[in-house]
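Participant: Structure, please.
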Amino acid sequence: MTAREWLRATVRAAAFTTIVLGFSVVAGGCGGGDASGPGNETPSPLAPFVGTWDATEFIHTAKADASLRIDIVAEGTQFVLVIQASGSYSATATLANLSQTETGTLRLVGSELILTPISPPGPESPVRFALSGSSMTWDGESEWDFASDGIPEPTFLHIVFSRR
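Facilitator: Here you go, the predicted model:
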């Protein structure tokens, strides 16, 4: 697998097209306000997520063999997620001066964050998460090509983000 193919696989996996994650929110300030007058606008439900998030761990563990695992951050990949109050996001993986970026939109629906990749296009994906202060953790399912044969294997995914 070339570095570019590895980056593409990394971003696609990290860009949530195949992630199904467990949810727990430990964040205040998500509630509505009184929007009846100036200065009393209702905060965006995305407010706790807005900002730049750096992955400090990005671990794929093969479902079929837990001894097969890779932490792409430990292997040198920088993964940055930027979330805007408007609901747009960008996810960028960089390795050896090669970058791959995905952009899209996100919204909250009940207890899930729904991501819709626009470039490159992809299906909507629900994301479950834990958010506490300046840390966000995702645990779920994805894919990774451990054998470098072009056939990704199902994985458990664990990502830890730190807010800049």
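Participant: how about the helices of the protein, start to end?
Facilitator: 3-14 (DSSP state H).
Participant: Show me the shaky parts of it.
Facilitator: Applying pLDDT under 70 to the chain flags residues 1-41.
Participant: just the strands in it please.
Facilitator: For the chain, the strands defined by DSSP state E occupy 20-21, 24-26, 51-62, 69-71, 78-83, 88-95, 98-109, 112-119, 125-127, 130-132, 135-144, 153-163.
Participant: right, so of these, which gets closest to S44?
Facilitator: strand 98-109 (9.3 Å; C-beta to C-beta). From N, CA and C alone the C-beta is placed, and that goes for glycine too.
Participant: name the helices or strands packed onto that closest one?
Facilitator: Where contact means 3 or more C-beta pairs under 8 Å, 6 or more residues apart in numbering; DSSP states H and E, strand 98-109 is packed against helix 3-14, strand 88-95, strand 112-119.
Participant: buried sites along it?
Facilitator: Neighbour-count burial for strand 98-109, with 16 or more other C-beta atoms under 10 Å as criterion, is recorded at Q100, T101, E102, G104, L106.
Participant: okay but the first one is in contact with F79, surely?
Facilitator: No: if you go by C-beta atoms under 8 Å, Q100 and F79 don't touch, sitting 10.1 Å apart.
Participant: about what we covered before: include distance to P45 when you put the strands of the chain into CSV, please.
Facilitator: Converted to CSV, those look like this (distance: least, C-beta to C-beta, whole Å):
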stretch, distance to P45
strand 20-21, 18
strand 24-26, 11
strand 51-62, 15
strand 69-71, 31
strand 78-83, 12
strand 88-95, 15
strand 98-109, 5
strand 112-119, 10
strand 125-127, 14
strand 130-132, 12
strand 135-144, 15
strand 153-163, 17
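Participant: out of those, which comes closest to T42?
Facilitator: Closest among those, once you apply C-beta to C-beta, is strand 98-109, at 13.2 Å.
Participant: got the angle between the closest one and strand 88-95?
Facilitator: Orientation of strand 98-109 against strand 88-95 (axes from the mean of the first three to the mean of the last three C-alpha atoms, to 10 degrees) gives an angle of 150 degrees.
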